[in-house]
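> Predicted model and sequence below, questions to follow.
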Amino acid sequence: MTVHIGAKKGDIAETILLPGDPMRAKYVAENFLENVVCYNEVRGMYGYTGMYKGKRVSVQGTGMGMPSIGIYSYELITEYDVKNLIRIGSCGSFQKDVKVRDVILAMSASSNSRYDHHYGVPGNYAPTASFELLLKAKQAADKKGIDTKVGNILSSDVFYNDDRDAWKKWANMGVLAVEMEAAALYMNAARLGANALTILTVSDSLVTFEETTAEEREKTLTDMIEIALELA
Ligand SMILES: O=P(O)(O)O[C@H]1O[C@H](CO)[C@@H](O)[C@H]1O
Ligand SMILES: O=c1cc[nH]c(=O)[nH]1
């Protein structure tokens, strides 16, 4: 057991899917995995281990924001020997050609956070996905006929930005979309010797103000979940 995860050593698979929402973890466990065991209920941050196409895989909520995924990813890697951490999240699009329901593979994660400062690097660290996981995810998506956008995203510390137009500066730099966890996940994985990738489904657009309905979100999350599960 760790401070935030009530599992025993060995209860968690080498590869884990990490949605922000613990109810999404439950949804994945109930709809995609076989022989499922729930290993964590601490703080309602459900964690499950089961089988997908004969391979052992776990799925657990991380909560919202970098401090929260920072805690869970640290404990998963250092205490449970998790090797592959794949975030499956939602995001807001910054680009006209990145539409709601599209799937993004986050090659890198820019940030407005100061999370990187605690590592003490003498400059700015560039949080980057594992190339191996990224390549495997792209190949799995192509094989399934799922179109993906691959590129840089923004991990933001704020959902409700006081400056309503701040996102446009990131958009001008070609950043695809905004979410709130990938940069911290990539940095922890780099520091602790694990592999990480973030896969996102666009839930809303800051460009067109379009949003997905609950039903649409369920359908498109399926694409993202199936890509992530192929990485087990
Ligand atoms: O859908 P999840 O994975 O929670 O991701 C996005 O949704 C939350 C904000 O609504 C933030 O956690 C953001 O990163
Ligand atoms: O962080 C997020 C997630 C979804 N949509 C947004 O606009 N921001």
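That came through, no problem. Ligands and ions are numbered 1, 2, ... in the order given.
> How much space separates the residue in the chain positioned nearest to ligand 2 from A25?
Nearest residue of the chain to ligand 2, counting by C-beta to the nearest ligand atom: G92, 2.4 Å away. (Each C-beta comes from the backbone N, C-alpha and C, glycine too.) Per C-beta to C-beta, to the nearest Å, G92 is found 22 Å from A25.
> which regions of this protein sit below the pLDDT cut-off?
217-220 (pLDDT under 70).
> if you set the cut-off to 80 instead, what comes out?
For the chain, residues meeting the criterion pLDDT under 80 lie at 214-220.
> That one: helices as residue ranges?
Counting by DSSP state H, the chain has helices at residues 22-32, 66-80, 131-144, 166-172, 182-192, 214-229.
> Buried deepest among those, which one?
Of these, the one with the most neighbours on average (mean count of other C-beta atoms under 10 Å) is helix 182-192, at a mean of 24.
> so what secondary structure elements neighbour that helix?
Helix 182-192 makes packing contacts with helix 66-80, strand 84-93, strand 103-111, strand 148-155, strand 195-205 when contacts are defined by 3 or more C-beta pairs under 8 Å, 6 or more residues apart in numbering; DSSP states H and E.
> Can you add distance to E215 and give these back as CSV?
As requested, the helices and strands packed on helix 182-192 are exported to CSV (distance: least, C-beta to C-beta, whole Å):
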stretch, distance to E215
helix 66-80, 27
strand 84-93, 15
strand 103-111, 17
strand 148-155, 22
strand 195-205, 13
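> Can you say which of those is nearest to ligand 1?
strand 84-93 (3.1 Å).
> what packs against that closest one?
Judged by 3+ C-beta pairs under 8 Å, 6+ apart, strand 84-93 is in contact with strand 15-18, helix 66-80, helix 131-144, strand 177-179, helix 182-192, strand 195-205, helix 214-229.
> partners of that strand, with directions?
If you go by DSSP bridges, strand 84-93 pairs up with strand 15-18 (parallel), strand 177-179 (antiparallel), strand 195-205 (parallel).
> if we can go back for a sec, same list (the helices of the chain) but as a markdown table, adding distance to L154.
What follows is the helices of the chain, written out as a markdown table (distance: least, C-beta to C-beta, whole Å):
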| stretch | distance to L154 |
| --- | --- |
| helix 22-32 | 21 |
| helix 66-80 | 12 |
| helix 131-144 | 18 |
| helix 166-172 | 5 |
| helix 182-192 | 8 |
| helix 214-229 | 18 |
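> any chance of the ones you listed in CSV, with distance to ligand 1 too?
Output for the helices of the chain, formatted as CSV (distance: least, C-beta to the nearest ligand atom, whole Å):
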stretch, distance to ligand 1
helix 22-32, 7
helix 66-80, 8
helix 131-144, 16
helix 166-172, 14
helix 182-192, 8
helix 214-229, 9
